[in-house]
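> give me coordinates for this.
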Amino acid sequence: MRERHEIKELAREQIRAQRAPAILLIFVYALMAYASALLDRMAGRLGGSVAYWIIYSVGMLILGVLWVNLSGEYVKIYEGRRATVGEIFTGCGKKFFRKMGGYLWMTLWLLLWALPGIVVHVWTNILILAILLYIPVFIRAMAYFMTPYILGYHTEVKATLALRLSKRMTKGYMGRIVVMYLSFIGWIILGVLPFLIFTFYGAAFGYSSGNFYAGIVTIYIGALGSVALFIVLILPYMHVTIAGLFIELRDDMLAKGLVSWEELGMPRPIVVTPVAEAPQSTPPVVEAVTVELAPEEGETDELSEDEVYGDEDEDDLTDEES
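All right, here's what the predicted structure looks like:
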């Protein structure tokens, strides 16, 4: 499993390779969230009617599904695969109700964990006690943080199973997850800095000059600067890094056997074991042996006189006849 600095370094490399999709994904989602807020504001004129709560609930559920699709695309960026901005919307057609059910199931459990703090805060108005009761909510949020990534990337996982898998994967890694989030505090301060500077300057300028509207414009400029920093620089970096943490924890759980490939809806990889080649045996070296045969009895190695001189009698007879 990669260390925190290795995950962040790889996330920066992948963002450089796909900078436009990484920025546009969060920009499109921010636009949809802003449109939903405007719709809620318009529906707020209806007061506390049933229609308002229906519009509000539907908007939040749709944003939840879009968030799941967004998380799945950032996982693709971390893995070096091509991400598509339109997948935020087209991905809704892939197991839409399963994604919505999983997001709703996670939200419901977080709400149940936050219920004691809400009750104490409303009835007693003791803020410190309410904050202490919200600590378990923070812990459960860290345990559930993988759920959108599981639903967005592993679309075959059932809604309730995604939450259980997230708790299983994050068990024993809570501290590491918290440290990963805390490592972005410097970036968050950098993003908020333009808003703080321009707000202070705008308030001072508006007060000293008596021009209230000029001060408001200055504050809006600072707010736009902060929003631009978050959309262009900070949020893409954070999302790809957290997606990388999800991938690393998932692979670690698979390697340890704590999560199965079938639970994630992934085909089990086929491991081919190479067959060891039999050592080639070299034929034994046979030395040539020269065998000398002993002569048989009555035979000698010396040539007879007849063999050496030939048949002299026959030659003499031939001479006499001639």
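> how about the helices in the stretch 151-300 of the chain?
According to DSSP state H, counting those that start in this stretch, the stretch 151-300 of the chain carries its helices in the segments 159-170, 174-182, 185-209, 212-229, 235-256.
> quick check: which of those is nearest to residue 8?
Residue 8 sits nearest to helix 235-256 of all these, at 5.3 Å, using Cβ to Cβ. In this view, the C-beta of every residue, glycine as well, is placed from N, C-alpha and C.
> list the buried residues in the longest helix seen in the chain.
Across the chain, the longest stretch assigned as helix under DSSP state H is helix 50-79. In terms of neighbour count (16 or more other Cβ atoms under 10 Å), helix 50-79 has its buried residues at 52, 55, 59, 61, 63-78.
> list the helices and strands that helix packs on?
Helix 50-79 sits against helix 4-17, helix 19-43, helix 87-90, helix 96-123, helix 147-153, helix 235-256, with contacts defined as 3 or more Cβ pairs under 8 Å, 6 or more residues apart in numbering; DSSP states H and E.
> among the ones you listed, show me which one is buried the most.
When you average the neighbours per residue for each of these (mean count of other Cβ atoms under 10 Å), helix 147-153 leads with a mean of 27.
> who are the packing partners of it?
Using 3+ Cβ pairs under 8 Å, 6+ apart, helix 147-153 sits against helix 50-79, helix 96-123, helix 159-170.
> if we use 10 Å, what do you get?
Using 3 or more Cβ pairs under 10 Å, 6 or more residues apart in numbering; DSSP states H and E, the elements in contact with helix 147-153 are helix 50-79, helix 96-123, helix 159-170, helix 235-256.
> Throw the ones you listed into a markdown table and include mean pLDDT and distance to residue 3, thanks.
Converted to a markdown table, the helices and strands packed on helix 147-153 look like this (pLDDT from 0 to 100; distance: least, Cβ to Cβ, whole Å):
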| stretch | mean pLDDT | distance to residue 3 |
| --- | --- | --- |
| helix 50-79 | 88 | 15 |
| helix 96-123 | 88 | 28 |
| helix 159-170 | 92 | 17 |
| helix 235-256 | 94 | 9 |
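> what sits against residue 21?
15, 73, 74, 76, 77, 82, 83, 84, 85, 87, 236 (Cβ atoms under 10 Å, 6 or more residues apart in numbering).
> confidence score at it?
Predicted confidence (pLDDT) at residue 21: the value is 94.
> got it, and residue 187?
Reported pLDDT for residue 187: 94.
> next, count neighbours for it.
Counted with other Cβ atoms under 10 Å, the neighbours of residue 187 add up to 16.
> just use 10 as the starting number from now, easier for me
Happy to do that; since the first residue is 10 now, the last one works out to residue 196.
> what sits against it?
238, 239, 242, 243, 244, 246, 247.
> residue 202: which of the helices and strands packed on helix 59-88 is closest?
helix 244-265 (15.7 Å).
> please name every helix or strand in contact with that closest one.
Counting by 3+ Cβ pairs under 10 Å, 6+ apart, helix 244-265 packs on helix 13-26, helix 28-52, helix 59-88, helix 156-162, helix 168-179, helix 183-191, helix 194-218.
> turn those helices into a markdown table, columns for distance to residue 233.
Formatted as a markdown table, the helices and strands packed on helix 244-265 follow (distance: least, Cβ to Cβ, whole Å):
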| stretch | distance to residue 233 |
| --- | --- |
| helix 13-26 | 23 |
| helix 28-52 | 13 |
| helix 59-88 | 22 |
| helix 156-162 | 28 |
| helix 168-179 | 36 |
| helix 183-191 | 26 |
| helix 194-218 | 8 |
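> what residue, apart from its backbone neighbours, is nearest the spatially most central residue of the chain spatially?
By Cα atoms, centre = their mean, the chain has its centre lying nearest to residue 256, at 3.1 Å. Leaving aside its sequence neighbours, residue 256 sits nearest to residue 87 (Cβ to Cβ, 6 or more residues apart in numbering; 6.0 Å).
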